[in-house]
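1. what follows is a predicted protein model with its sequence.
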Amino acid sequence: MLNNQDNEIREIQLQIVRVEDKIDMILKLLEKQNGLLSDHEHRLRDLEKTKNKLLGMSFSALLSAVVAIIKSFLK
């Protein structure tokens, strides 16, 4: 009887160790994903800055063109 219970206890301990290993593996994967998300966030911020610069340059060029057209009519 005791031998049977000892075997069951060992089996449960092994299962616990396996579950702990799986949890560790999942945590490592989550850390990796978090790092990837952080990289993507930085890229998105950089793209947003670039977009804003391009919009500013486009607006400036448009304004210059409008001013040039108005000046040509006033001459």
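-> Thanks, I have the structure now. Here the structure is a predicted model, which means the values were calculated and not measured.
2. helices of the chain, residue ranges please.
-> 2-74 (DSSP state H).
3. where are the low-confidence patches of it?
-> 1 (pLDDT under 70).
4. find the centremost residue of it, please.
-> L37 (1.7 Å; C-alpha atoms, centre = their mean).
5. how close does that one sit to V19?
-> 26 Å (C-beta to C-beta, to the nearest Å). Using the backbone N, CA and C atoms, a C-beta is placed for each residue, glycine as well.
6. L2 too?
-> In terms of C-beta to C-beta, L2 sits 26 Å off from V19.
7. neighbour count winner among the two?
-> V19 (10 against 6; other C-beta atoms under 10 Å).
8. can you pull the contacts of that one?
-> The contact partners of V19, by C-beta atoms under 8 Å, 6 or more residues apart in numbering, come to none.
9. swap in the one 5 residues further on?
-> Applying C-beta under 8 Å, 6+ apart, we find D24 in contact with no residue.
10. how about stretch 13-28 as CSV, C-alpha atoms only?
-> Extracted C-alpha coordinates of stretch 13-28, given in CSV (Å, rounded to 0.1, in the frame of the first residue of the first chain):
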residue,chain,number,x,y,z
GLN,A,13,5.8,15.4,-8.3
LEU,A,14,7.0,14.6,-11.9
GLN,A,15,3.8,16.1,-13.2
ILE,A,16,4.4,19.2,-11.1
VAL,A,17,7.9,19.5,-12.5
ARG,A,18,6.6,19.2,-16.1
VAL,A,19,4.0,21.8,-15.5
GLU,A,20,6.6,24.1,-14.0
ASP,A,21,8.9,23.6,-17.0
LYS,A,22,5.9,24.4,-19.3
ILE,A,23,5.2,27.6,-17.3
ASP,A,24,8.9,28.6,-17.6
MET,A,25,8.8,28.0,-21.3
ILE,A,26,5.6,30.1,-21.7
LEU,A,27,7.1,32.9,-19.7
LYS,A,28,10.2,32.9,-21.9
